[in-house]
Structures are given as structure tokens and as C-alpha cells.
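Attaching a predicted model along with its sequence, questions to come.
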Amino acid sequence: MRPPAGDRMVNVDLQLEMSVKIDGVDCEKFVDPEPIVSQMPNYPIYRREFPDIIYHSEPDKCWTAEQLAAVTGGKWLVEPPEGFYIQSILRDMIFYEQVEQPTMFVARRRSMMNFHVGLNPRTSGDDTHSQIAKHINRVACAMIDHPVEGLPKDFPLLMVEDTIKACMELALAARKRFQGKMIAITGSAGKTTTTYMLRHVLGQDHDVVASYGSVNLGLGVPLQFANVKQDTTFAIIEMAIGAFTIPRGSITYDLPPHIAVVTSLTPAHIEAYGSTTRLAQVKARVFNGMSAGGYAILNRDMPHYDIFEQKALSKNLNIITFGAHPDSTIRMTEIKNGGSFTFGGRSYTLECSVPSEQLYDALAVLGVSIASGVSIEYALKHLKTFTPVKGRGSVIETEYNGLKLRVIDSAYNANVASMSSALKYLTELESEASRRVAILGDIAELGANEIAHHRSLAEAVLSTQADRVLLVGSLMKHLYDDIKDKINGAWFPTYKELIAGVNAWLRDGDTVLLKSSNATGLTHAVEHLTNATAPPQK
């Protein structure tokens, strides 16, 4: 059940009564003598009606000073100059290079962030108001919820009651005035790659705003959408499972997409959700809030496809499927050297220089193209020039300690299926087995069967015929124990030990795959191999 909107939630006392029937005979009714006294949390209430000024935007401009104040109910303590506007809103400056300028820095307090996702608002944490001075020369203005001392007298400051609430309301206003198509991307794997692919393809000739980084949870999604302009053609928003489990319900009730993509379903987040069935049920909430006639783009090969299909049909959505399944709308017929597929009775060649697992993401892009009225030929043309995202299959030619290496960086995310695909990509990219080096780290969030999942990778590792195999992390120790007599390799407890000992395992001309979940830390090993100067080999 979806909870009602925050402004309609009330406390009520509940009386528990229970009837039991045994062999068709009613037993005595049980009535709990003590009523259940409910205390609903003090959920934040967002304004959803906005003045007409939100529609008075100049072409290709996001927010004016007047619009920012009108939407948030804030007050400019220091007025911006005449003609002032911003193009983006940032809570974390690490993403500064990925957004359109000029930008507004949103200072926030951890306690208020917790309040908006249903956690204890009194939880201590960081307050980023003090960071404004550090970034003063990079941003156009700042949003604050308490006074900040020591800033230049002419630096524009917008004071609001609650900066996180203000960002949510900016997102709601942006969605209300938005005239283009919103595309939501979710799934266990492939979300970020599909998002970047779509931005690359649709952004060639259209005004596109797309998610940056992995800011894709219940607070991150509104922050991303707040950057959407009134005349943006496509808003491509990545959504992780946390966007569908916020206290007020799925974020898509507030920000309903026109097109929703489910890239895959794998045993990720099993530790939190218990089963892939439950994962499918939660991820299917991406369709919540969508209007009849919208589009669901679904991986036909994923487990529990029927759960997604039934949810989409219940919302009267059009369904476009992709995969190798014979019933797929876009059917993959070849998954080698780019691959080929059929659609509408025609055969097509797919040229896209990505690991084979990401060819499914390319098919998802084609599904979105069909749903949004962009021709398949146009999408295929621009998929040819797409290159993998950093940490997700990007190939780096580098020199390390005098050795020329080709590094495949897939160290940001992993599941069992994607790790098997990455190993296959290693063999496709490097024809000589003597030059293949596989460095594999732990896969996170696999739940109670995590050891079995890691051990199941034995066949994929051995079939790669990698000349050297280096395994990293406590879970990979189980795989190493199973195959250590069949490989030339070693096991390292952490990425730090790997970095300290990796020199001895590398030779000139090697192609080195690094694949793991981000929590394992192999991104540090990628940085070491591609940037650092290692000590001389003995």
C-alpha cells in the first residue's frame, strides 16, 4: 500500500481483533485489551502548487533569481545582479565538472537529510554551510538555511527554511513546467551505462539533461531533476532501488516518467531485500505514477520478467522488450563483435565498442529511441561513437613502471553475471592468452548465499584462460581455494596488499581487467596502474 501524502497523515488508535477457524468451526474471537497507539513520523510536507512565474523562462535557462525565491519561499539576503540565472544545482561539489554552469551550491545539514528519508532527524552529521567560502569562486550563489559569516558582501545568498525541502520543491516545479520527455532508468546493473548512452545518442541534436555520478536515491533523484529546464527535450534520470523505498512512496509518484527502462535484475541488494522476487516487486515501482500510454522498456531475459510486465500492463503502458528471448521486440541474434538484432521483421548490425554485457544496454537505448520517436538508424549511427564509462568497462592505454599496459577499468560495480561477461570481454579484447591478466574483487550485497555466488565464478574464470589471475577480498578467498591449483595467480586480502604486490605479476604488453564492486576498493588499484609511479621491479 502507498501511504497517503504527508499532509493527509493522522494518528489513529488501532484495536486488534483476530478470529480463528479450525476445521470449519469458529473459535472464540481474540480482542487485544490494549489499543495500539500509532505515532506517525512528522513527514515533510512539500508545496505542489507554484506561481505562474515558473513558466516565464527564457530559452535554454533553468532558474532566474525570482523563480528560485518564488518556488522555495526563500528570501535573497544578498540580491543577485540583474539578469541573473543558474543552470544547475549542486549539493556535492565533486560533480561540478559534470553539470552545466552557472551553478548554485546547496548547503545542507545531515540531520535534515535524514528527516526527509525517514531517519532520526537528530542524528549528528556534517553541515556543509562552512564549505561555501571554499567554493566561492566556482559557484554563482548559495542556498542556506542559517546565516553564514565571512562571505563577500556581494555574494548572492538565498535563505530558505530547509534546503533539502527547497530542492524537492524545485524538482516538483521543474516537473510541472517540463514540456519534454522524462526517461527513468533502473535495474540491478547497467543503469549508469544506459544513462550515459542515452545522453550520448539523444544529446547529439536535442537539449538533454541527464543524471551525473550515481546520485540516484530518494534525495538524489529530485536534485537531478531540479536541473531540468522548461524547454529541455529529454530528462534522463537514473534511479536506484532506494528511490522506490522512501517513506512517502516511490519517487515516481512525485516525478512520473513518460518512459521507464528496467535494464536487468540480478542478486544485488539481496542482503537487504531477501530475494530476487522481492527485488523485482520493489523495482517495478518505477511505473508508479506513470500515465496510461507511457512506455515500459524491459529486459525480456531477466528473472521475474512477468512481475514487471504485469505491473506495466496494470498501468496501461506500452511495452517494448529487448534481449535474446524469441518474444523480444528487439531481439539480439548475435552478441559478438558488436552484435546484431532484429526489429519489425528487419535485421540490423549493432556497432558499439563496449563489453558484451553492455550490448544489452545499447538495446535498451534502441527501445527508448523507438518510444520517443527517434529512428533506429539515428540511434545506431551515434552508438558507434560511444565509449564505456569510467569504471564500467573503459579501456585505458597506459605505461606503468616502464611497462605498456591496456587496463580495462570495470572496478566500480559488479554482480555475478557482469563479472562473467567482463571475463569474456577480456578474451575478446586480448587475443593472446599469455597477455591476459584478470584482477577480480569481492561482489557486495549478495546476501546469505554470497560465498556460493563467488564460488560459482570458477568456470567463467577458467574458461578465460587468463595467464594470471589475482583475486582480492575475503569472499574471493573461497573462489581462490577452489581454483588455486588450476591457475597461475594469488589472493590478496585487500586492495592495499594487491597494490603492494602487483608489480611481480605484470609484464610488458599485458591487458589487465579489474572488476569488482566499488566497496572492494579496486578503483584505487586502477588509479595506481594508470597514474602512479610504482617502485622498480626486482
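Alright, I've got the coordinates. Numbering: from 1, shown residues only.

Any regions of the protein where pLDDT drops low?
1-12, 37-43, 114-115, 117-125, 267-274, 336-337, 532-538 (pLDDT under 70).

How is it divided into domains?
Listed by automatic domain parsing, the domain ranges of the chain are 6-37, 52-167, 178-383, 394-530.

Columns mean neighbour count on top of those domains, output as TSV?
For glycine as for every other residue, the C-beta is placed from the backbone atoms N, C-alpha and C. Shown next, in TSV, are the domains of the chain (neighbours: other CB atoms under 10 Å):
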stretch	mean neighbour count
domain 6-37	9
domain 52-167	17
domain 178-383	21
domain 394-530	19
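
Serialize the ones you listed to CSV and add fields for distance to Ile45.
Shown next, in CSV, are these (distance: least, CB to CB, whole Å):
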stretch, distance to Ile45
domain 6-37, 4
domain 52-167, 9
domain 178-383, 10
domain 394-530, 33
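
quick one: secondary structure of the residue lying closest to Ile94 once chain neighbours are set aside?
Nearest residue to Ile94, sequence neighbours excluded (CB to CB, 6 or more residues apart in numbering): Gly213, at 7.6 Å. The three-state assignment at Gly213 reads coil, by DSSP: H, G, I helix; E, B strand; the rest coil.

go on, Ala260?
Classification of Ala260 using three-state DSSP returns strand.

and it, what does it touch?
By CB atoms under 8 Å, 6 or more residues apart in numbering, the contact list for Ala260 reads 183-184, 186, 252, 286-287, 290, 294-297, 317.

can you rerun that using 10 Å?
For Ala260, the contacting residues are 182-186, 239, 252, 284, 286-290, 294-298, 308, 312, 315, 317, 368, 371, by CB atoms under 10 Å, 6 or more residues apart in numbering.

before we move on, what about Lys165?
44-47, 72-73, 112, 115-116, 145.

Same list, these, but as CSV with secondary structure and distance to Gly203 please.
Converted to CSV, those look like this (DSSP: H, G, I helix; E, B strand; the rest coil; distance: CB to CB, whole Å):
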residue, secondary structure, distance to Gly203
Pro44, coil, 34
Ile45, coil, 36
Tyr46, coil, 30
Arg47, coil, 32
Thr72, helix, 29
Gly73, coil, 34
Met112, helix, 34
Phe115, helix, 36
His116, helix, 31
Asp145, coil, 34
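
List the contacts of stretch 148-157.
Residues outside stretch 148-157 that contact it (CB under 10 Å, 6+ apart) are 65, 68, 74-81, 84, 86, 104, 107, 129-133, 136-137, 139-144, 147, 159.

and what of stretch 54-63?
By CB under 10 Å, 6+ apart, stretch 54-63 touches 64, 66-72, 83-89, 100, 102-104, 170, 173-174, 176-177, 179, 207, 209, 226-232.

Show me those that map onto strands.
Of these, the ones assigned to strands by DSSP state E are 64, 85-86, 88-89, 103-104, 209.

which phi and psi does the nearest residue to Glu17 once chain neighbours are set aside have?
Nearest residue to Glu17 in three dimensions, chain neighbours excluded: Val31, at 5.2 Å (CB to CB, 6+ apart). Val31 adopts backbone torsions of phi -120, psi 120, taken as degrees, to the nearest 10.

list the contacts for Val31?
Contacts of Val31 (CB under 10 Å, 6+ apart): 15-18.

Can you list the residue ranges for strands in the stretch 1-150 of the chain?
Using DSSP state E, counting those that start in this stretch, the strands of the stretch 1-150 of the chain run over 13-14, 17-18, 21-22, 25-26, 30-31, 36-37, 63-64, 75-78, 85-86, 88-90, 103-106, 141-144.
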